[in-house]
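Peer 1: Next input, structure requested:
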Amino acid sequence: MKIFTSLYDKCLEWARHQYAVYILGFISFIESIFFPIPTAIMFAPMALANPQKAFRLAFIATLFSVLGGIAAYFIGFYAYESLVTPLVEQFGWQNKMVKAQGWFETYGIWIVLIAGFSPIPYKILTLTAGAMQMAFLPFVLASIVGRAAQFYLIAGFAKWGGKEMEQNLRKYMEYIGWAVIVLAVMAYVIYQLYQ
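Peer 2: This next block holds a predicted model:
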């Protein structure tokens, strides 16, 4: 049974749905606040399915992700105790929030830019930025740069590779999927050993 190939095909099917752009905007928005699945999971297949629209899709993902980040900032700023703390407990993010606060103390605004681009959960840092009352304008600028870098990089690869990349990616999806699982488990074990 080809688990990852089936998932990939399903993502491509969703990416071609008539309301896919609206769904992308919605997911980009809520992922910056609480949604646990990264926007790139939907965005990458959409960009591959429509390489000619990849940069337009990157703009939509960036715009709504930053708007979601701004919403999360204000939730953290005004409602940390009443809304954020229960959310953190529900998702088991207590350690992540403590780490995020430490990162802010060490790296300041740069951590928002890094989280916007990297696999570090952006939502944790948007909520923490508000709770720590980080300066708003630098927060927004770092969010725009970080999120745009991530989405436009994916869009660039999709546009460059086009339909051929989509077909080649599908061919090796099982290997890629299992490799990611193995690497994630190894990273988790290493992290637990050195924590």
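
Peer 1: what's the pLDDT at residue 134?
Peer 2: pLDDT for residue 134: 86.

Peer 1: Touching, it and residue 109? I think so.
Peer 2: Yes: using CB atoms under 8 Å, residue 134 is in contact with residue 109, at 7.0 Å. C-beta coordinates here come from the backbone N, C-alpha and C atoms, glycine included.

Peer 1: Name the residue in the two with the higher neighbour count.
Peer 2: residue 134 (22 against 17; other CB atoms under 10 Å).

Peer 1: Could you look up the SS state of the more buried one?
Peer 2: At residue 134 the chain is in coil, as set by DSSP: H, G, I helix; E, B strand; the rest coil.

Peer 1: Distance-wise, check it relative to residue 60.
Peer 2: Applying CB to CB, to the nearest Å, the value for residue 134 to residue 60 is 26 Å.

Peer 1: list the buried ones in the helix or strand hosting residue 88?
Peer 2: Using DSSP states H and E, residue 88 sits in helix 85-91. Neighbour counts over helix 85-91 (16 or more other CB atoms under 10 Å) mark residue 88 as buried.

Peer 1: contacts for the helix or strand following that helix?
Peer 2: Following helix 85-91 in sequence order, the next helix or strand is helix 94-107 (DSSP H and E). Residues outside helix 94-107 that contact it (CB atoms under 8 Å, 6 or more residues apart in numbering) are 88, 111, 114, 121, 124, 125, 127, 128, 129, 132, 134.

Peer 1: Correct me if wrong: the second one contacts residue 125.
Peer 2: Yes: between residue 111 and residue 125 there is a contact under CB under 8 Å: 6.1 Å.

Peer 1: Can you give me the buried ones in the host helix or strand of residue 141?
Peer 2: Taking DSSP H and E as the definition, one finds residue 141 inside helix 136-171. Across helix 136-171, burial judged by 16+ other CB under 10 Å covers 139-140, 142-148, 150-152, 154-155, 157-159, 161, 165-166, 169-170.

Peer 1: helices or strands up against that helix?
Peer 2: The contact analysis (3 or more CB pairs under 8 Å, 6 or more residues apart in numbering; DSSP states H and E) places helix 136-171 against helix 3-15, helix 40-49, helix 54-79, helix 110-117, helix 122-131.

Peer 1: so which of those helices comes closest to residue 181?
Peer 2: helix 3-15 (9.0 Å; CB to CB).

Peer 1: avg pLDDT for the closest one?
Peer 2: 71.

Peer 1: Tell me the helix or strand right after it.
Peer 2: Defined by DSSP H and E, the subsequent element after helix 3-15 is helix 20-31.

Peer 1: Skip the chain neighbours and tell me the closest residue to the residue nearest to the spatial centre of the chain.
Peer 2: Geometric centre of the chain, nearest residue: residue 38, 3.7 Å, by CA atoms, centre = their mean. Spatially, and ignoring its direct neighbours in sequence, residue 38 is nearest to residue 31 (6.4 Å; CB to CB, 6 or more residues apart in numbering).

Peer 1: If anything else comes up later, I'll come back, but that's it for now.
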